[in-house]
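In: Fold the following and give me the result.
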Amino acid sequence: WERNHELSLRLHESMCHACYLNALPDRVPAYTDMVISHADDFMDQVKCHHITMQTLASTGNFQKAFDKFFEVMKQLGEELSPNVDPSIIFPAMYATKNDLSKYSTKDLMNIPKMTDKRKQWAMTFMDSIIPCVFVISPLFLPTIANRMMSLSIRCGLTKESSFGLYAYCYCLGCMLQDIDEGYHWIKVTRLMLERFNATELCPKLKLVQYSFLIYMKEPLQSVTNVLFHCREDIMMVGDVEYAILSAHFHCQFAVLSGASLSNAEKECDSLSKEMVRLKQTQSILENASIHHMVLQLIGSDKDPFAIPGITYKDEDEVLDHLESSGNVVFANSIYIHRVVTACFFRRYEYAADMIEKYHSEVGKGSLVLSAVMYAFYEGLVAFRMARSRPNDEKKWLVKGESAIQRYETWTTHSEWNFENKYLLLEAESLFSQCNYDSAEKKYIASIESARRHKFIHEQGLALDLLASLYKFRGDSDKETECLEGAYGCYETWGAHGLLSHIRNE
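Out: The predicted structure is shown next:
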């Protein structure tokens, strides 16, 4: 340290980074402490602070990572308030929207590069904290997006500006319901990276582009295929968190888009082992919840929570822990998986109970795929409950009609992804209004749309629900015909556990 301060600094930073990349979080503090104790100023420390924040996030210590983020941002002169105030956030979103409206794509690309080192690091920290924001405080994302875009426009572009623009695009869709403009600008993010020759970040950018917004416009099946290839590409550049996130999203997209459940089970199982090796504690539990849903559908008694280093014996224990610790975002993921599974197994009362526990104030407006799909299944359950719980009919009808309104809008953005769901919700609504002939036509249209757009699982679900209408009307021949059609769809999907259950029922 005395003879060659700069070399010692870089060596210790490299050791910090190596420990992080090799999933050795317990060894990181020894090297960061050494750097901090010998640093000439804060800028000598900043890289180690960044690695510390990443390490905390990768081990599931999201709140500590969040605290580190705010501490460093203050030191960098870009202090942010953790408070989420809609009266501030919405005007800021409109201000950013107005600022960007003054730029063509070419104008935006011609903004000079950022030269201020402190602001460059501020951009790096904001980019890195985004995954934590989705977990710990999703409503804080607009604050990050607005600050990143403000710095990029006022002080120059960095390679992280592309991720700030992506975050802004996502918020455009969630908060301002402007999916088309978000889709326009998200295509520009790649051009920003190309300007900096940051090819190592292209797989990461592709992951967030496709999993958080592009799927609202392009077929789910093609998006799922893109996510499959992202994982290996991201791991090759050493970004452990985003590589695991890519694999996690691929599993989720595959299941919710009706891909082979047998393949999904194998991938979930393989991913759990990879997460254990890389010590991705929080991600292991999220993957286990998806795995649990798949195992129920295929009829396996394998325990997805029998994972080395995991102390929870089942999903109920995980959920209790999440609720008691205030991690409602992940708790919501479990409620979503339970509602989806219950719909297929015809456990509508149980699904309704899960809907009552879902933290709607957190999930409201989210364009994460699981939340978008939740709106669909919540709507189906709501119309069922409106028919079976007359005392609560009004409450459930409001939920159902809200789902129809959202899917009507989303269908204008992607008929491929959302039309069959919108039609099925309309069919259930008409059934609840005793308009049986019109309901039948909507069911049939939904079945055909699901078939045409390759959602085999939702084709089976629509056939199953149409069978319920025929059963209600006493038409046993058509009921049997629809049930046989549903069984065929579920067989193709690989849902052997579901098939066994409904046949026994």
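In: Could you point out which residue ranges in the stretch 251-400 of the chain have low pLDDT?
Out: Screening the stretch 251-400 of the chain residue by residue with the criterion pLDDT under 70, one finds the ranges 281-282, 362-365.
In: Quick one: the helices in it, in order.
Out: In chain order, the stretch 251-400 of the chain shows helices spanning 261-277, 281-298, 315-325, 328-344, 348-357, 360-363, 369-388, 393-413, with DSSP state H, counting those that start in this stretch as the criterion.
In: possible to save those helices as TSV with distance to residue 306 and mean neighbour count?
Out: For glycine as for every other residue, the C-beta is placed from the backbone atoms N, C-alpha and C. Formatted as TSV, the entries for the helices of the stretch 251-400 of the chain read as follows, by distance: least, Cβ to Cβ, whole Å; neighbours: other Cβ atoms under 10 Å:
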stretch	distance to residue 306	mean neighbour count
helix 261-277	10	18
helix 281-298	9	23
helix 315-325	12	15
helix 328-344	17	23
helix 348-357	24	18
helix 360-363	29	14
helix 369-388	24	23
helix 393-413	36	17
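In: of all those helices, which lies closest to residue 83?
Out: Evaluated with Cβ to Cβ, those place helix 360-363 nearest to residue 83, the distance being 15.5 Å.
In: Nearest to residue 465, out of the helices of the stretch 251-400 of the chain?
Out: The minimum distance between residue 465 and the helices of the stretch 251-400 of the chain falls on helix 369-388, with 7.6 Å, by Cβ to Cβ.
In: what's the spacing between the closest one and its chain's center?
Out: When distances are taken as Cα atoms, centre = their mean, to the nearest Å, helix 369-388 is centred 19 Å away from the chain's centroid.
In: now swap in stretch 84-95 and tell me
Out: The chain centroid and the centroid of stretch 84-95 are separated by 23 Å, computed with Cα atoms, centre = their mean.
In: Check stretch 29-45 too.
Out: Centroid displacement of stretch 29-45 relative to its chain, using Cα atoms, centre = their mean, is 35 Å.
In: likewise stretch 162-180?
Out: Stretch 162-180 sits 14 Å away from the centroid of its parent chain (Cα atoms, centre = their mean).
In: ditto for stretch 483-500
Out: Per Cα atoms, centre = their mean, the displacement of stretch 483-500 from the mean C-alpha position of its chain is 27 Å.
In: List the buried residues of that stretch.
Out: Counting neighbours by 16 or more other Cβ atoms under 10 Å, one finds that the buried residues in stretch 483-500 are 483, 485-487, 489-490, 493-499.
In: what sits up against stretch 38-55?
Out: Identification of contacts with stretch 38-55 by Cβ atoms under 8 Å, 6 or more residues apart in numbering yields 1, 5, 8-9, 12-13, 16-17, 19-20, 25, 28-29, 31-32, 35-36, 65, 68-69, 72, 75-76, 117-118, 121, 124-125, 128-129, 241.
In: mind exporting it as CSV, just the C-alpha atoms?
Out: What follows is stretch 38-55, C-alpha atoms only, in CSV (Å, rounded to 0.1, in the frame of the first residue of the first chain):
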residue,chain,number,x,y,z
HIS,A,38,-6.3,2.7,2.8
ALA,A,39,-8.4,4.9,0.5
ASP,A,40,-7.3,8.4,-0.2
ASP,A,41,-10.9,9.6,-0.8
PHE,A,42,-14.4,8.2,-1.4
MET,A,43,-13.8,7.7,-5.1
ASP,A,44,-11.1,5.1,-4.2
GLN,A,45,-13.8,3.2,-2.2
VAL,A,46,-16.7,3.5,-4.6
LYS,A,47,-16.0,0.3,-6.6
CYS,A,48,-15.8,-1.8,-3.5
HIS,A,49,-19.1,-0.3,-2.2
HIS,A,50,-20.6,-1.3,-5.5
ILE,A,51,-19.4,-4.9,-5.2
THR,A,52,-20.7,-4.9,-1.6
MET,A,53,-24.1,-3.8,-2.7
GLN,A,54,-24.2,-6.5,-5.4
THR,A,55,-23.1,-9.2,-3.0
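In: got the contact list for the closest residue to residue 268 other than its chain neighbours?
Out: Among residues not flanking residue 268 along the chain, residue 291 sits closest, at 3.8 Å (Cβ to Cβ, 6 or more residues apart in numbering). Residue 291 sits next to 251, 265, 268-269, 272, 304 when contact means Cβ under 8 Å, 6+ apart.
In: about what we covered before: identify whichever of the helices of the stretch 251-400 of the chain lies nearest to residue 443.
Out: Put simply, out of the helices of the stretch 251-400 of the chain the one that sits nearest residue 443 is helix 369-388, at 12.0 Å, with distance taken as Cβ to Cβ.
In: what angle do that closest one and helix 348-357 make?
Out: Here the directions of helix 369-388 and helix 348-357 differ by 120 degrees (axes from the mean of the first three to the mean of the last three Cα atoms, to 10 degrees).
In: Which neighbouring elements make contact with helix 369-388?
Out: Contacts defined by 3 or more Cβ pairs under 8 Å, 6 or more residues apart in numbering; DSSP states H and E place helix 369-388 against helix 240-256, helix 328-344, helix 348-357, helix 393-413, helix 415-432.
In: and with 10 Å instead?
Out: helix 220-236, helix 240-256, helix 328-344, helix 348-357, helix 360-363, helix 393-413, helix 415-432, helix 456-472 (3 or more Cβ pairs under 10 Å, 6 or more residues apart in numbering; DSSP states H and E).
In: Tell me what angle the first one forms with helix 240-256.
Out: What that stands for is helix 220-236. Relative orientation of helix 220-236 with respect to helix 240-256: 160 degrees, computed using the same axes, to 10 degrees.
In: All the helices of the stretch 51-200 of the chain, residue numbers only.
Out: Chain-ordered helices for the stretch 51-200 of the chain, with DSSP H, counting those that start in this stretch as the definition, fall at 62-75, 86-101, 105-109, 117-136, 141-155, 161-175, 179-186, 189-195.
In: any idea of the mean pLDDT for the fourth one?
Out: In this model, helix 117-136 has a mean pLDDT of 92.
In: who does that helix touch, helix- and strand-wise?
Out: For helix 117-136, where contacts count as 3+ Cβ pairs under 10 Å, 6+ apart, the packed elements are helix 42-58, helix 62-75, helix 141-155, helix 161-175, helix 202-212, helix 240-256, helix 328-344.
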